[in-house]
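**Student:** have a look; sequence and predicted model below, questions after that.
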Amino acid sequence: MDDKKESAVSPVVGVMLMLVVTIIIAAVVSGFAGGLAGSTKAAPQASIAVRIDTAADNTMGGTDTKMTFEHLSGDPINTKDLKIITYYTNRTGYVYKHEQTASSEATDLYGYGSLTRVPFINDMRSGYSGNNPAKDFGNFTWKTGDVLSTGNVAGTASLLGIGFTRGTYPDPGTFNETDFKPGCVVDVKILHIPSGKYIYDKEVVVE
């Protein structure tokens, strides 16, 4: 008789133990998921305009190829938290992909040996670009009204990952990729690294 009672109790105890283990696992998973959700940063909200102009005024009576990023409205954004990703496909199907971050190499924009990480902030209150860290991408906060610029064809080539041949002054130089001209399309994405979300993702037609 005692043996029968013990055999009847054993399955009940087993089921209860399984329930307890299941509840503990669920609690651990829930707590872990909640911790992850709590640590995720929200992406800044901003309206941004991107332009690639092959006939931009170089302020010296000529033209140059510049890429600009204008913060039209929204939250201030620390550029150290951004990654600019570009894709350009030439007529043969080759894809030029480039990623620009706060740790990317700086560029000698004018052939004088002074380096600038593009796109630099186009605001003379922080001085001239070139060996001036305050102007370099990744070292400033991007606010409404601020315009970031690649400066010239050298800076634009650097940001797009396209080869470039420097010209003799006043010739600014040219892209090695001869297909890059008005009408071409560049896919431009701006990633907010802490949140893992894009704050800009559009195809930009070269002007």
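**Tutor:** Perfect, thanks for sending it.
**Student:** how is the chain partitioned into domains?
**Tutor:** For the chain, automatic domain parsing gives the domain ranges 1-40, 46-205.
**Student:** just after the helix or strand Ala49 falls within, pick out the following helix or strand.
**Tutor:** Assigned by DSSP states H and E, Ala49 belongs to strand 46-57. Per DSSP H and E, the first helix or strand lying C-terminal to strand 46-57 is strand 63-74.
**Student:** packing partners for whichever helix or strand comes after that next one?
**Tutor:** Note on strand 63-74: by DSSP H and E, the next helix or strand toward the C-terminus is strand 77-78. The contact analysis (3 or more C-beta pairs under 8 Å, 6 or more residues apart in numbering; DSSP states H and E) places strand 77-78 against strand 141-142. Glycine gets a C-beta too; all of them are placed from N, C-alpha and C.
**Student:** so what strands line up beside the strand it packs on?
**Tutor:** Strand 141-142 pairs in its sheet with strand 77-78 (antiparallel), by DSSP bridges.
**Student:** ok, now which ones touch the nearest residue to Arg117 once chain neighbours are set aside?
**Tutor:** Computed as C-beta to C-beta, 6 or more residues apart in numbering, the closest residue to Arg117 that is not its neighbour in sequence is Asp136, at 4.0 Å. Neighbouring residues of Asp136 by C-beta atoms under 8 Å, 6 or more residues apart in numbering: Ala106, Thr116, Arg117, Phe120, Ser129.
**Student:** now swap in Asn78 and tell me
**Tutor:** For Asn78, the contact set (C-beta under 8 Å, 6+ apart) comprises Thr141, Trp142.
**Student:** that one pairs with what?
**Tutor:** Beta bridges link Asn78 to Thr141, judged by DSSP bridges.
**Student:** right, and Asn131 touches Ser114 too?
**Tutor:** Yes. With contact defined as C-beta atoms under 8 Å, Asn131 and Ser114 form a contacting pair (4.5 Å).
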